[in-house]
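1. okay, predicted coordinates and the sequence, questions at the end:
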Amino acid sequence: PDGQFIGWAPGRGPIVSPDGMAWRLERGSDLVVELHVIDSKQAVPLKPSVGLFLTTTPPRQRPITVRMGSKSIDIPPGQADYLVTDDYELPANVTVLSVYPHAHYLGREMRLEAARPDGRRLTLLHIPRWDFHWQQDYRFTAPVALPAGTQLTMRFTYDNSDGNEDNPHHPPIDVTVGQRSTDEMGNLALQVLPHSAADRARIVRDFAAKEVEANVAGYEVVARHHPNDPAVLADLGASYV
C-alpha cells in the first residue's frame, strides 16, 4: 500500500498508521504474507496471525517510500569497521514522517543526515549500537520538512570480526547481500509526503532510476562470488535488461 512500512522484523511492535493515512487497497487486491523462518533443532509449531483493522474513512494523505542503501555489500572476514554509504538529493519538496533502517547480525552503527540547501544540517537518525533483535521504524513527533536540493547521506557500519558476539560465523567468512539472516542488508526507507502531485511523480521517477543502478551493482557483486550459479547469472542479466 502507498508508502506504508508493513514488513515486520524481530522486536518490532504493532504497525499502526497515523490518522488520515489508512492503507488504500483497491477492490480485488490479493494480500500475500511471506514468512522467513529460522531452522531449529526440533519441530516447533508455527502459528502466525495477522490482524487487520478496517475503517470507512478514506485516507486524506498518500505517502511514498524512498529507499536508500546498498545492494553491493561485500564484507571481508575479520573487518570490524566496514562502511556502507549512500547519498540521495531530493528532487522535490517533501515532509519526512518516518524512517525505517534495516540490517542483519553484522550491523553496528547507523546514521542519516540531511544537508539543506540553506546550509543547515540535521541528524535524522543515529543508532550507535544496532541490534538485529530490536528493530523498529522511527516516527518523528514533529514531521521534518525538507526542500528540493536537500542532500541525504546514509552511513552504516558493520562488524564482521570474531569480536562481534552476534556474528553467525566463527571464524568469520565473506558476507554479501542476501535474503538469509546470515547474509547482510543495508536498507534505509524514508516515508515522505510530497507537497504536490508533480512532486510525487518526480520523486517516483527519480527513485526508479536509482533503484535500477543499485540492482545492477548488487548482482555484479554476488556474481563475482558465484560466477557459475545459473540463478545468480539470471538475476544479473535481468538487472541489465
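-> That came through fine. Residues are numbered from 1 along each chain as shown.

2. tell me the contacts of residue 195?
-> Residue 195 makes contacts with 92-95, as judged by Cβ atoms under 8 Å, 6 or more residues apart in numbering. Where you see a C-beta, it was placed from the backbone N, CA and C, and this is true even at glycine.

3. just the residues you listed now: which is nearest residue 187?
-> residue 94 (18.8 Å; Cβ to Cβ).

4. residues near the closest one, how many?
-> With neighbours defined by other Cβ atoms under 10 Å, the count for residue 94 comes to 26.

5. then residue 5?
-> Residue 5 has 19 neighbouring residues, counting by other Cβ under 10 Å.

6. how close does it sit to residue 135?
-> 11 Å (Cβ to Cβ, to the nearest Å).

7. same check, this time on residue 68
-> Look at residue 68 and residue 135: by Cβ to Cβ, they are 17 Å apart.

8. neighbour count for those two, which is higher?
-> Using other Cβ under 10 Å, the more surrounded residue of residue 68 and residue 135 is residue 68, with 23 against 18.

9. tell me what the helix or strand that contains that one is packed against?
-> For residue 68, the element it lies in under DSSP states H and E is strand 64-70. Packed against strand 64-70 by the contact rule (3 or more Cβ pairs under 8 Å, 6 or more residues apart in numbering; DSSP states H and E) you find strand 82-89, strand 151-158, strand 186-194, helix 197-225.

10. how far off strand 151-158 does that strand point, in degrees?
-> Interaxial angle, strand 64-70 versus strand 151-158 (axes from the mean of the first three to the mean of the last three Cα atoms, to 10 degrees): 50 degrees.
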